[in-house]
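> I'd like to go over a predicted model; first the sequence, then the structure.
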Amino acid sequence: MKKQVISLCIALALSLAAGAQPQEKQRVITLEEAITIARVQSVDAAVALNELKTAYWEYRTFRADLLPEMNFQATVPSYNKKYNSYQMDDGSYTFVRNNYMEMNGTFSIDQNIWFTGGKLSLNTSLDFLKQLDGDKSKRYMSVPVALTLEQPIFGVNSIKWNRRIEPVRYAEAKAAFLSATEQVTMTTINYFFNLLMAKENVTVARQNLENADKLYEVAKAKRNMGQISENDLLQLELNVLNARSTLTDNESNLKSNMFKLRSFLALSEDEELEPVVPDMISPVLLNYPEVLEKALANNSFAHNIRRRQLEADFEVAKAKGNLREIKLFAQVGFTGTDNELNDAYRRLKDNQIVEVGFKIPILDWGKRRGQVKIAQSNRDVTESRLRQETMNFNQNLFILVEQFNNQQAQLDIAGVADRIAQKRYSTNVETFMIGKISTLDLNDSQLKKDEARQKHINELFYYWYYYYQLRSLTLWDFATNTNIDADFEKIIKL
């Protein structure tokens with residue numbers, strides 16, 4: 001009696017525990033909804049956004065280099081207590097002991113000159129020196145205003161080249177972000193249709209198992225009446241076992257694909273996704289020249305080609321500029337010095353500096369000219385690669401346009417074949433029930449039905465995959481005939 005009570009309690013506890021487990025919430029999800037979620041929540045979307053932010057701040061840094069920059073530099077204080085060499089009147093040297101403290105500060109406004117590659121600075125400075133031994137005097141030196149120009153001559157103008165390269169680089173990054181967003185869409189399509197196919201396979205497997213059970217029961221009755229052979233009965237029993245095994249495999253595959261899609265979309269694991277078969281967009285026939293024109297205008301590939309060409313030209317210009325190096329440094333202003341701070345700004349005197357330095361190799365065994373030849377050869381290699389990449393891009397785009405245009409017809413055919421195969425199987429089931437076809441014919445019609453359904457889903461997948469691949473390459477929405485664009489300033493601030 002006690003054992004029965006204990007067993008009853010255990011069974012009750014297990015049933016309560018099973019009832020307490022969280023149940024999965026069913027969520028119907030369309031392809032459009034999955035794409036929207038992926039563009040916001042997926043890891044791939046986050047990576048694309050961070051790459052855009054990096055490119056944005058690199059471009060902002062470049063733009064800042066073209067604007068005036070204010071700087072303050074100071075030393076407060078510098079203390080020295082040491083021996084320094086000192087030349088006497090008779091030419092001999094001795095060592096004298098110094099013990100002093102100094103402070104200085106400089107405020108400057110610096111402006112890069114993009115069209116010459118130089119730098120113009122307007123600055124003011126103040127220096128203070130105090131002897132800590134002897135008479136313990138103090139001294140001030142002021143430079144109320146000074147205008148300084150640093151200008152390389154004959155060398156490469158990096159600022160001017162950056163003005164040509166950096167906008168192209170940022171335009172490439174923006175186009176790459178939009179393409180990456182479309183790539184997220186394509187990945188979503190892949191996961192979505194894997195789940196959709198798995199769901200359809202489970203549905204078909206359940207239907208097949210249900211039909212196999214019914215046919216087996218009918219066959220047993222027919223066998224008892226001697227209307228079918230033992231071989232046909234065993235074949236139908238085997239069909240039931242195979243259908244049950246197929247259903248188990250398909251249910252496991254469904255759970256696996258559902259987990260992958262949920263993980264990619266960053267959804268809760270307690271949601272059971274119910275994918276909806278998407279419709280086609282309005283039939284559209286794409287024209288390759290128009291698609292190519294949009295791709296070359298919008299795709300990051302075109303900006304990438306332009307940027308790499310400019311960078312190769314820049315390397316040649318830089319190598320040529322290194323053949324000789326001449327720099328100009330000029331400064332004009334006023335300076336004053338006194339024991340008192342106020343007096344250091346009176347009785348000012350001119351402060352002028354002009355320096356022209358140059359470095360021209362006399363004998364370098366052709367090293368610098370060799371560097372020019374290397375840069376020119378690298379540029380030729382880059383140009384050859386760019387031409388080949390352009391040809392490959394155009395060719396792949398042409399093939400993709402042809403595939404998409406053909407896919408619309410393939411999808412229509414697959415849809416009709418799916419309906420015909422389904423109708424044929426239903427007819428064969430009824431025909432078998434009255435004993436007019438064999439089990440081989442019935443199995444063949446079931447196999448063709450399942451293959452037709454899978455092909456229909458597969459053709460639908462390729463239709464949407466090709467469509468979004470074209471969107472990714474052209475950054476053009478063919479359904480609405482509008483450009484795919486974004487408010488990048490707003491996106492950066494997210």
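Perfect, thanks for sending it.
> alpha carbons of the helix or strand in which Asn80 is found, as CSV, please.
Under the criterion of DSSP states H and E, Asn80 resides in strand 69-87. Output of strand 69-87 as CSV, limited to C-alpha atoms (Å, rounded to 0.1, in the frame of the first residue of the first chain):
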residue,chain,number,x,y,z
GLU,A,69,43.6,74.1,-35.1
MET,A,70,44.2,75.9,-31.8
ASN,A,71,47.0,74.6,-29.6
PHE,A,72,48.5,75.6,-26.3
GLN,A,73,51.9,74.2,-25.3
ALA,A,74,53.6,74.9,-21.9
THR,A,75,56.4,73.9,-19.6
VAL,A,76,55.6,74.7,-16.0
PRO,A,77,58.2,74.6,-14.7
SER,A,78,61.7,73.3,-15.8
TYR,A,79,64.3,73.2,-13.1
ASN,A,80,68.0,72.9,-13.8
LYS,A,81,70.9,72.7,-11.4
LYS,A,82,74.0,71.5,-13.2
TYR,A,83,77.4,72.4,-14.7
ASN,A,84,77.6,73.7,-18.3
SER,A,85,80.6,74.4,-20.4
TYR,A,86,81.5,78.1,-20.9
GLN,A,87,84.1,79.7,-23.2
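> any chance you could map the helices in the stretch 51-200 of the chain?
158-224 (DSSP state H, counting those that start in this stretch).
> strands along the stretch 351-494 of the chain, start to end?
Taking DSSP state E, counting those that start in this stretch as the test, the strands found in the stretch 351-494 of the chain are 476-477, 482-483.
> of these, which stretch is the most buried?
Stretch with highest mean neighbour count among these: strand 476-477 (a mean of 17; mean count of other C-beta atoms under 10 Å). The way it works is simple: take the backbone N, C-alpha and C, and place the C-beta from them, glycine included.
> can you give the strand pairings for that one, parallel or anti for each?
Applying DSSP bridges, strand 476-477 is found paired with strand 482-483 (antiparallel).
> quick one: contacts of the strand holding Asn80?
Contact with strand 69-87 is made by 93-111, 132, as judged by C-beta atoms under 8 Å, 6 or more residues apart in numbering.
> one more pass at 7 Å, please.
The list of residues contacting strand 69-87 from outside it, by C-beta atoms under 7 Å, 6 or more residues apart in numbering, reads 93-110.
> and these, which are buried?
By neighbour count, with 16 or more other C-beta atoms under 10 Å, the contacts of strand 69-87 hold Tyr100, Met101, Asn104, Thr106, Ser108 as buried.
> what's the pLDDT at the closest residue to the first one other than its chain neighbours?
If the residues on either side of it in the chain are set aside, Tyr100 comes closest to Gln131, at 5.1 Å by C-beta to C-beta, 6 or more residues apart in numbering. Reported pLDDT at Gln131 in the predicted model: 87.
> and Gln131, how far is that from Asn80?
Distance from Gln131 to Asn80, counting by C-beta to C-beta, to the nearest Å: 11 Å.
> what do these two both touch?
Residues touching both Gln131 and Asn80 by C-beta under 7 Å, 6+ apart: Tyr100.
> all set, thanks.
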